[in-house]
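Peer 1: coordinates only, sequence not included:
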């Protein structure tokens, strides 16, 4: 089934630990995104990639890094987790960045940093 | 920065109509999206407006006024399954999406 997969579904992580959230899409979309969703704040963009080999910073990039080695994968790494990074993380992709290209979202990763 | 405002909660009766308003102030404008998000699930695309006017898609319609920085999502013939959060998102001049905090709609029998 075409779409976006994320792993893990949920994770409890000790503060200071390193963690990589995985995201894979099989729609051959050019653009990919990472958001975090917190109650009352809505979705906030962490990092994005308009095409394989390029990445950019979103609204809340501090403490996170990404890479885009190929079209399908867009992992998000927390180098040293802190409790304020407790959130639900959504990966998304779109065919492009303009026109009416909507973003398709993965099922999310619920991360708790203790 | 971007500023997107929408009501926090709305309640309506099954079969009724509900209008969710969204006002925005962003750096540039390249379209407005509405997404639906059921509790514990991912957002799913509902509608897209880039020109002024009304876009109709079945029971859902979305309206845009660029000069007023205003949009609304109209849900007609409400069903219980429409209970969800509705997210207004604006694509800015850099083609990045900024989301409002979402409006939780509760449909009562």
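Peer 2: Structure's in. What do you need? Quick caveat: nothing in here was measured; it's all calculated off a predicted structure.
Peer 1: Going by C-alpha atoms from here, please, whenever you check contacts or count neighbours.
Peer 2: Fine.
Peer 1: quick one: low-confidence ranges for the chain?
Peer 2: If you meant another chain, say so; for now it's chain A. Within chain A, the stretches with pLDDT under 70 are A:1-2.
Peer 1: wrong one, I was asking about chain B
Peer 2: Counting by pLDDT under 70, chain B shows low-confidence ranges at B:1.
Peer 1: Just the closest residue of it to chain A, please.
Peer 2: Chain B approaches chain A most closely through residue B:101 (3.9 Å), counting by Cα to the nearest Cα.
Peer 1: how many neighbours does that residue have?
Peer 2: Counted by other Cα atoms under 10 Å in any protein chain shown, the residues lying close to residue B:101 total 24.
Peer 1: which residues does residue 102 contact?
Peer 2: No chain specified, so I'll use chain A. For residue A:102, the contact set (Cα atoms under 8 Å, 6 or more residues apart in numbering or on different chains) comprises A:94, A:95, B:33, B:45.
Peer 1: Please refer instead to chain B.
Peer 2: A:40, A:42, B:6, B:7, B:8, B:85, B:86, B:87, B:88.
Peer 1: Go again with 7 Å.
Peer 2: For residue B:102, the contact set (Cα atoms under 7 Å, 6 or more residues apart in numbering or on different chains) comprises A:42, B:6, B:8, B:85, B:86, B:87, B:88.
Peer 1: nearest to residue B:20, of those?
Peer 2: Nearest to residue B:20 among the contacts of residue B:102, counting by Cα to Cα, is residue B:6 at 7.3 Å.
Peer 1: For that closest one, give me its contacts.
Peer 2: Applying Cα under 7 Å, 6+ apart, we find residue B:6 in contact with B:21, B:22, B:23, B:100, B:102, B:103.
Peer 1: Perfect, that will be all.
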